[in-house]
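Enquirer: only geometry, no sequence info:
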């Protein structure tokens, strides 16, 4: 039985990414008002000092470098996150067993959202997507903490556990918290810290499909919980 996919995965992150990018462009335009005239003068002076066709080429190169640096894109985190959530949603498509999946759901009374809430015969799972694809950063466990590059992820894991707890309180059933990692290699293919299980995205389908049926989660109960989750957690975007 195919999984009903409800809500747009990554929609709120994509919207935040668009807002972030628009703000960045506005800052770049303001900076260009004074940077580009300075770069233009520098390019002209260098071009004239060198002279001839070579001077013209040097002047154009200097201006091009200045223009590129002013409008270089740096704020991509939300867009990257949205792309990761869409990849996770695609992986959850076609799960057997009558699972219901809700994507990108707002948690009332907070600015947080649930990336992927799975309700099925094996219980309720909350999966948070992390798109950690930097080639310069590695995922590791050190001193009892999960690190991505130079940054500890304890607070991020605690936030995921908090989000799962909010879902648990609202639905009245236990909710297992997962972090699904795209890109970075998860040590040992599984890390359990702060009440959260961290797995590589490639293991997500197997992790869900291999779970044993939970007592009391027949098809009627699953649909009741899904409807309750639909009412409690509206689409974030």
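Expert: Good, I have the coordinates. Keep in mind it's a predicted model, so treat the numbers as computed, not measured. Residues are numbered from 1 along each chain as shown.
Enquirer: ranges for the helices of the protein?
Expert: Taking DSSP state H, the helices of the chain run over residues 11-50, 52-70, 77-91, 154-171, 204-209, 219-232.
Enquirer: Dump those to a markdown table, plus mean neighbour count and mean pLDDT.
Expert: C-beta coordinates here come from the backbone N, C-alpha and C atoms, glycine included. Supplementary listing: the helices of the chain in a markdown table, determined by neighbours: other Cβ atoms under 10 Å; pLDDT from 0 to 100:
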| stretch | mean neighbour count | mean pLDDT |
| --- | --- | --- |
| helix 11-50 | 14 | 67 |
| helix 52-70 | 14 | 76 |
| helix 77-91 | 20 | 76 |
| helix 154-171 | 18 | 96 |
| helix 204-209 | 17 | 91 |
| helix 219-232 | 15 | 94 |
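Enquirer: and of the ones you listed, who's closest to residue 132?
Expert: Shortest separation from residue 132 across the helices of the chain is recorded for helix 77-91, at 8.5 Å, computed as Cβ to Cβ.
Enquirer: Excluding sequence neighbours, find me the nearest residue to residue 63.
Expert: residue 43 (4.3 Å; Cβ to Cβ, 6 or more residues apart in numbering).
Enquirer: ok, back up a step: next, format the helices of the chain as TSV and append distance to residue 99.
Expert: As requested, those are exported to TSV (distance: least, Cβ to Cβ, whole Å):
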stretch	distance to residue 99
helix 11-50	21
helix 52-70	47
helix 77-91	12
helix 154-171	15
helix 204-209	7
helix 219-232	8
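Enquirer: Which among those helices is found nearest to residue 139?
Expert: Using Cβ to Cβ, those put helix 154-171 closest to residue 139, at 11.8 Å.
Enquirer: Show me the contact partners of that closest one.
Expert: 107, 110, 112, 114, 117, 124, 126, 128, 130, 145-146, 174-177, 179, 193-196, 198, 225, 228-229, 232-233 (Cβ atoms under 8 Å, 6 or more residues apart in numbering).
Enquirer: again, only using 6 Å
Expert: 107, 112, 114, 126, 128, 145, 174-175, 177, 179, 193-196, 225, 228, 232 (Cβ atoms under 6 Å, 6 or more residues apart in numbering).
Enquirer: Report the buried members of those residues.
Expert: Those of the contacts of helix 154-171 that meet the buried threshold are 107, 114, 126, 128, 175, 177, 179, 193, 194, 196, 225, 232, by 16 or more other Cβ atoms under 10 Å.
Enquirer: hang on, the earlier thing: of the contacts of helix 154-171, which belong to strands?
Expert: 114, 126, 128, 145, 175, 177, 179, 193, 196 (DSSP state E).
Enquirer: among those, which two are most distant?
Expert: Maximum distance among the ones in strands among the contacts of helix 154-171 (Cβ to Cβ): 24.2 Å, for 114 and 145.
Enquirer: If you count neighbours, what's buried in stretch 134-147?
Expert: 139, 146, 147.
Enquirer: Kindly report the domain assignment for this structure.
Expert: By the assignment in automatic domain parsing, the chain contains the domains 5-13+76-232, 17-70.
Enquirer: how many neighbours does residue 235 have?
Expert: 16 (other Cβ atoms under 10 Å).
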